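any chance you could fold what I've pasted below:
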Amino acid sequence: MNTTQTGSDERIKIIDNWLDKDVVTHLSDQVLYNYPHYFVESSLNKGPTMYSHDVGPGNLLIDFLFNKIKKEYEPTYGQLDFTRTYFNIAHPGMDGEFHVDSKDPNAGPSFMLMITPKGKEGAFYYKPDPNDDLCIEKIDYKEGRFLIFDSDMEHYGQSFKDKPRITMVFKTYVEPK
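Numbering: from 1, shown residues only. This next block holds a predicted model:
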């Protein structure tokens, strides 16, 4: 059974156990051992800082996830189109930097699934107030945790100190009404 909570403001939602643990374990194993991943990802386009693998429609599991997100969250956000879906693979020391996913006024929320089992440290950091650089909130990394947050909210992921940390990110666009 999943549980939903809200971060320090309404701009972020935290859902634990969004997917069955077996599905999350399968994703972790597939990404770490079977999907090719490339050292091309960075938070601020300053050169690669972590590995990633883009995915799209046509894969049965990915299509299932797209449909699950649309079914559960289109009533809240409107018609969602996926602009980019990918896995981030951060080995120890591959921390992100504060960034936003989109500044487009029609950008939908970002969805992020924490896939690998918890390691040493590793968390999601975000700034709930864009005008206050000193206010930084932390959400602990937890296997199977699903985050939904405004795409213009500054955030970054901290890597584990002892093993790879994998997240799956779904960036969206909301069709104007």
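
distance-wise, check residue 50 relative to residue 159.
8 Å (C-beta to C-beta, to the nearest Å). Yep, even glycine has a C-beta here, placed from its N, CA and C like the rest.

quick check: neighbours shared by the two?
Residues touching both residue 50 and residue 159 (C-beta atoms under 8 Å, 6 or more residues apart in numbering): 90-91, 94.

any idea how far the longest helix seen in the chain is from the chain center?
Criterion DSSP state H: the longest helix present in the chain is helix 60-77. Here the centre of helix 60-77 is set off from its chain's centre by 14 Å, with C-alpha atoms, centre = their mean, to the nearest Å.

what about residue 64, how many residues nearby?
Using other C-beta atoms under 10 Å, residue 64 has 12 neighbouring residues.

now do the longest helix of the chain: everything it contacts.
23, 26-27, 55-57, 80, 82, 85, 108-109, 111, 148, 168, 170, 172, 174.

so is the most centrally placed residue in the chain in a helix, a strand, or just coil?
Geometric centre of the chain, nearest residue: residue 112, 2.2 Å, by C-alpha atoms, centre = their mean. The three-state assignment at residue 112 reads strand, by DSSP: H, G, I helix; E, B strand; the rest coil.

touching, it and residue 166? I think so.
No - at 11.0 Å, residue 112 does not count as touching residue 166 under the criterion of C-beta atoms under 8 Å.

which parts of the protein are strands?
Remark: strands assigned in the chain by DSSP state E are 3-6, 12-16, 38-41, 50-55, 80-90, 107-114, 123-126, 137-140, 146-149, 155-157, 165-174.

may I see those strands organised as a markdown table, with distance to residue 101 added?
Shown next, in a markdown table, are the strands of the chain (distance: least, C-beta to C-beta, whole Å):
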| stretch | distance to residue 101 |
| --- | --- |
| strand 3-6 | 19 |
| strand 12-16 | 13 |
| strand 38-41 | 13 |
| strand 50-55 | 14 |
| strand 80-90 | 9 |
| strand 107-114 | 5 |
| strand 123-126 | 11 |
| strand 137-140 | 16 |
| strand 146-149 | 9 |
| strand 155-157 | 8 |
| strand 165-174 | 5 |
